[in-house]
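> Build me a model:
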Amino acid sequence: MRYDGGNCLNHPDTSGQDLITQWQQQGLLLPLCPEVAGGLPVPRPAAEIQTQGMALQVLNVAHNDVTAHFQSGAKQALALCKKYNIHIAVLKEGSPSCGSGLINDGSFTKTKIQGEGVTTQLLREHGIEVFNEMQTEDVLLALKQQ
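As a prediction, the model looks like this:
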């Protein structure tokens, strides 16, 4: 579920949606929204990563600091990966938590830049491969290599 209550899998590129739905029906997915796990409600104001030098901060559109919520959710996602021996994660591209290649630039203008979300960064630091919902073929290749 998107931060605004919408369907997070509603995306113009639905090429991987059938496979994700199949994995879900087979019980192969562990669904988690790190932002909700970190204590944020749905719906909630949009949030974007802001960088001040080396410091990372997540602010919502009202300029409230929600960094701790994002960090808490990321830690909970990592804990689940460790508990269930998960080595591959499929996360929502563009999200300040889950973006694996693109995130918003922090200006709240929907301008995308290269970057990764808070959860993606933490998972990758711990050796977990992170893919977005449009990379299901890459997920299949990674699974075959395990």
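
> contacts, neighbours, all on C-alpha from now
Will do.

> Just confirm Thr120 contacts Val130, I think it does.
Yes - with contact defined as Cα atoms under 8 Å, Thr120 counts as touching Val130 (6.5 Å).

> Now for those two: what residues contact both?
Leu91, Ser100 (Cα atoms under 8 Å, 6 or more residues apart in numbering).

> So which of these two has more stuff around it?
A count of neighbours by other Cα atoms under 10 Å puts Thr120 above the other of Thr120 and Val130, at 30 against 22.

> ok, and the closest non-adjacent residue to the more buried one?
Nearest residue to Thr120 in three dimensions, chain neighbours excluded: Cys98, at 5.3 Å (Cα to Cα, 6 or more residues apart in numbering).

> Count the neighbours of the one you found for me.
There are 28 residues near Cys98, going by other Cα under 10 Å.

> Now do the contacts for it.
Residues near Cys98 by Cα under 8 Å, 6+ apart: Leu91, Lys92, Glu116, Gly117, Val118, Thr119, Thr120.

> Show me what the top helix by length along the chain is packed up against.
If you go by DSSP state H, the chain has its longest helix at helix 67-83. Here helix 67-83 touches helix 34-37, strand 55-60, helix 118-125, going by 3 or more Cα pairs under 8 Å, 6 or more residues apart in numbering; DSSP states H and E.
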